[in-house]
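Colleague: sequence and computational prediction follow.
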Amino acid sequence: MDVDTGMNDYVPTCLLSPPPADTDPHHSSLLLVPEVDANVNGESQQSEYLCLVSNSSFALEVDSEFYGPGKKMYRNYHTGLNARPCDESGDFLPLGTPPCPLTEQSPDDWVPFCNRMEFETAKFLFSRTQMSAPNINTLLDLWATLLLKHHDHPPFADHKDLYKTINNIPIGGINWQSFNIQYSRDKPAESDVPLWMSEWFDVWYHDPCEVAWNILANPDYVNEFDYCPFCKFSVDKDEHRFQDFMSADWAWQQVDIIATDPSNLGATFVPIILGSDKMTVSVGTGNNEYYPLYMSISNVCNNVCQAHQNALSSTKEHAETGEFRNFQCQIFHSSLTKILDTLKDAMSKPEIVCFSDGHYRHVIYGLGPYIADYEEQVLLTSIVRRWCLRCLAPCRSLDNDALCQCEAHREALFEEDISSSVLQSDFGIVGEVVPFMNDFPRADIHQLIAPDLLHQIIKGCFKDHLVAWVEKYLHHIHGKHEAEHIMDDIDQHLAAAVPFTGLQCFLQGHGFKQWTGDDSKALMKIYLPAIEGHLLTDIICTFHAFLEFCYLVQKNVIMEDTISQIEDTIHQFHHHRQIFHQLGVIPTFSLPRQHLMKHYPDLICLFGALNGLCSSMMENKHIKAVKQLWCWLSRYNVLGQMLVMNQWLDKLATLHIDFTKRSMLNGSTDNAPDARMNTTIPDVQIESSADLDDSKIDDGLMEVEAQFDTHYNITHHNDRTQTCTHCATALAIELSILHLQELVGRFLFEQLHPHDLRDHATIPAESFPVYDGKLSVVNSASSRFYTPSDPTPDEDMGTWIVQPSFDGCSPNISVIHINAIYCAAHLLPIYGTDYIPHNINFYHSLDAFCAFYINKFADHHGFEIAF
């Protein structure tokens, strides 16, 4: 059968078989046949595989491609918006046309710097060390004094010369723009008008179109970019694989809608990801709250993070009045509408944009997921706190099954002319605020609120709910004095946890006054064994189910089977957590953050693996874009200073990328440019503060401590560890393993006779090869091997128990091939029900305890292996 799509430069042929009635519209389990040669424009072309999926409502073409080792995976690509290259005028190019060659630039053009030394100095002083202006002047004066006798001078005269040069960087500039907002509704009598009703609010931002153009043209993403929606499947199980954003359902559904307009065929769909999070950078200094707004695009793969920031500030005055809260909400939505206005036309009619591969393409934008924590989600969806933003479940019984929340339902309620008080009490809707997405096509804020793993799940459900419930339970059951005794023992368990790569040590337990996201994530990894001996089985099972849910939803690739496992862990969590209610610890489970776990399987199907939509990306941007600069700058016109500093940092980063592309920085040790976006500045004077002792910023960095035991004396030469050479006899004496030579012989016998089925323990030692040559010993961490005490994992803890293996009173020792080591395992002691001595430290644990849990929550790699 010949199918003329009107969208491709070839005529496809495919053999169809009818799909089942419940077939996913973009899941092809059809018979594919290779395309035959077809004559197009007088040329013979060879197409790829193509199949046609049809169901009761529409027929849709998909290009199929097998890939991976052994071609065990395949992708179905949407052919409606298939990212066809075009020229600058928008005319589509023939298939296979190469992009226009880039203009060659001189490899010694350092403008606006004179040479590499000037550029490296500017980047070191301004970007890497963020040195204050007085310190820059001092350093340059000392440098000038040193060079005076050589009749030379430093790269810059002073900090003003440095700043002027950075500002003159010719690339990486997007102009800052601003607008003003003021309260415009009815005001009270003149004498009673609050200050905020008459005040003008300034909002600074970058044109989102220009930000999107920069991301699309960034050469760093040329191999990490998805040009059109697709679906991944495994050939063996025919299972849908959810990974990057464009591999999930929402992008495909949007393109289905856009493709109904024939003028959009061949374009590229670019979903816009937004994120915001109110932050506080200091305490007691007045106007210290900021609302940075971040933007990225969904075509970039999940392993790449790119965002941009715009800062909005507000005041706390009158924050408790309902009228002011509504004004804050509306000013936020109105600002977003204004900022995104330049994208609106290109959401319906394509614009021509240059991409990182050098080709031009038609681009249609669409508002995609919005990343925010629950408090900000309430603001964005204009709902009442404690209501769900994704479904219509009543706030007092959130876990009841309910229909999806949507903008159509909201509009229908408004048409019924229901009063705002009834809207709030019966439907959880704030009628006085209009969500910003109402002004944009194909956008429903209730569908596009992204899940928030960091704030909702890790900080909210784990730290604020479950960990707090444990303390409430202990006080409720044991009373204050005994509960504090047990909590001290739990802290001692945490302090005694065996170190492991990437794990934070809790030497003082978990009694932090201020928690960071890293603290919560680190505590999750070792908390379960620490509480096991003091709590009921149902509570342990509650934590076990919750932790498995957390690790499953954070997987980089999520299969359909994984979604079933996620649903099962949610069911187990809901079942076992009832113990807190039965004992009177918790009055209700109608908690929005826990309720949202119920929606995660659907969100994965919509948006793919959730790692690409994590609010931790914004947390990292906060540190660089606001917190560090707050420490660096004076408090005069601080917002303007932040805009300028971010501008100049971005200019330096852009220039670094350009110099690297031209191979001008070869041999440099500075190969880690700041990956932020490009900007241009308003006319703001920079003032730096040399005394920053009063500004303490918690950047959330994780401390990692480890304990290593070495068996041999290490010889150092030029700070490098050397290998030591021994014979087997000398090494046996040094290690107190007198039968080491026999162990080496047994190992060599096993290597020489891999197919010998006899029990090697019964073979006489005389049969083993004798090796008495040199042994090279590389000093490293001590390794111990433990044997599983049970072939099945512990039912409540969900992990295996291991214990040291002994031959009588001596530990079993073997020589193994290094290739037999698959990965390191983290062991956590089984503390039992008795209180442990306070003098046991983490470096005693492997010797002080006789049995251990294999910690599958130590890292995601270990979880993948153990689950």
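Modeller: Nice, I can see it.
Colleague: so which strand or helix has the residue nearest to His475 when sequence neighbours are not counted?
Modeller: Excluding the flanking residues, the one nearest His475 by CB to CB, 6 or more residues apart in numbering is Ala483, at 4.4 Å. Every C-beta, even on glycine, is put in place using the N, C-alpha and C of the backbone. If you go by DSSP states H and E, Ala483 is part of helix 468-495.
Colleague: for the next helix or strand along the chain from that helix, report the contacting residues that lie outside it.
Modeller: Later in the chain than helix 468-495, the nearest helix or strand by DSSP H and E is helix 517-531. If you take CB atoms under 8 Å, 6 or more residues apart in numbering as the criterion, helix 517-531 is touched by 454, 458-459, 462-463, 467, 470, 490, 493-494, 497, 503-504, 506, 510, 512, 539-540, 543-544, 547, 550, 616, 619, 700-702, 797, 828-831, 853, 855, 857-859.
Colleague: try stretch 749-760
Modeller: With CB under 8 Å, 6+ apart, stretch 749-760 has contacts from Arg746, Ile763, Ser767, Phe768, Pro769, His817.
Colleague: before we move on, what about stretch 238-254?
Modeller: By CB under 8 Å, 6+ apart, the list of residues contacting stretch 238-254 reads 24-27, 29, 73, 78, 226, 228-234, 269, 271, 298-299, 301-302, 366, 368, 442, 447, 556-561, 563, 604-609, 612-613.
Colleague: give the rounded mean pLDDT of that stretch.
Modeller: What stretch 238-254 shows for mean pLDDT is 93.
Colleague: start to end distance for that stretch?
Modeller: With CA to CA, to the nearest Å as the measure, stretch 238-254 spans 24 Å from end to end.
Colleague: quick one: it to chain centroid distance?
Modeller: 18 Å (CA atoms, centre = their mean, to the nearest Å).
Colleague: what is the rounded mean pLDDT of the helix holding Ala483?
Modeller: In this model, helix 468-495 carries a mean pLDDT of 94.
Colleague: count of residues packed around Asp538?
Modeller: Neighbour count for Asp538, taken as other CB atoms under 10 Å: 16.
Colleague: and the gap between it and Gln578?
Modeller: With distances taken as CB to CB, to the nearest Å, Asp538 is found 8 Å from Gln578.
Colleague: got it, and Pro764?
Modeller: 62 Å.
Colleague: what about these two, which has more around it?
Modeller: Neighbour comparison, Pro764 and Gln578: the larger count goes to Gln578, with 13 against 6 (by other CB under 10 Å).
Colleague: what's near enough to touch the more buried one?
Modeller: Asp538.
Colleague: next up, phi/psi of it, please.
Modeller: With angles defined as degrees, to the nearest 10, Gln578 sits at phi -60, psi -20.
Colleague: give me the pLDDT value at it.
Modeller: On the pLDDT scale, Gln578 gets 96.
Colleague: let's have the chain start at 17 instead
Modeller: All right, first residue 17 from here; so that's Gln594.
Colleague: quick one on the thing from earlier: just the buried ones out of the contacts of helix 533-547, please.
Modeller: 470, 474-475, 478-479, 483, 486, 506, 509-510, 513, 519-520, 522, 526, 555-556, 559-560, 563, 566, 632, 635, 716, 813, 844-847, 869, 871, 873-875 (16 or more other CB atoms under 10 Å).
Colleague: in strands, which of the residues you listed appear?
Modeller: Leu844, Pro845, Tyr869 (DSSP state E).
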